[in-house]
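# below are the sequence and a predicted model for it; my questions follow.
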Amino acid sequence: MRVDPDGHLRIRDEAVGTGKICRRILTALPTWFGIQASVEDYVAAADRSPTIIASLGDENVGFLTLVRHSHYAAEVYVMAMVPELHHADVSLRLVVLVMPISA
């Protein structure tokens, strides 16, 4: 796993258009995301919905896609990290960061 010079995880949010990132990470996790029709649904959601991306250096290593159902309700539709970062608290950071966006 490459790490940027200062070793920090970078987080950014994108309004739409992150399907390609979603697909790359999900295909690295066939045990959890092995049903192709579901992967296609997640990719489409990431292309049309707000998504938070986690990066180390210039590599996207995780994401969380938020789907808004109404002014009052939103859900974490899909979230995934590259296998090397499982149990590294990256998902917790993404959830904490998405809370203000979903309010």
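Received, thanks. Just so we're clear, the structure is a prediction, and the values are computed from it rather than from any experiment.

# strands of this protein, start to end?
Assigned by DSSP state E, the chain shows strands spanning 9-14, 51-56, 59-68, 74-81.

# can you add distance to residue 31 and mean pLDDT and give those strands back as TSV?
C-beta here means a position set from N, CA and C on the backbone, and glycine is covered the same way. What follows is those, written out as TSV (distance: least, C-beta to C-beta, whole Å; pLDDT from 0 to 100):
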stretch	distance to residue 31	mean pLDDT
strand 9-14	24	87
strand 51-56	20	91
strand 59-68	16	93
strand 74-81	12	92
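
# among the ones you listed, which is nearest residue 28?
Proximity to residue 28 (C-beta to C-beta) singles out strand 74-81 among the strands of the chain, at 8.3 Å.

# tell me the strands beside that closest one, with direction?
Strands adjacent to strand 74-81 in the sheet, as given by DSSP bridges, are strand 59-68 (antiparallel).

# save the strands of the chain as JSON lines, and put in mean neighbour count too.
JSON lines is the format used below for the strands of the chain (neighbours: other C-beta atoms under 10 Å):
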{"stretch": "strand 9-14", "mean neighbour count": "15"}
{"stretch": "strand 51-56", "mean neighbour count": "22"}
{"stretch": "strand 59-68", "mean neighbour count": "21"}
{"stretch": "strand 74-81", "mean neighbour count": "18"}
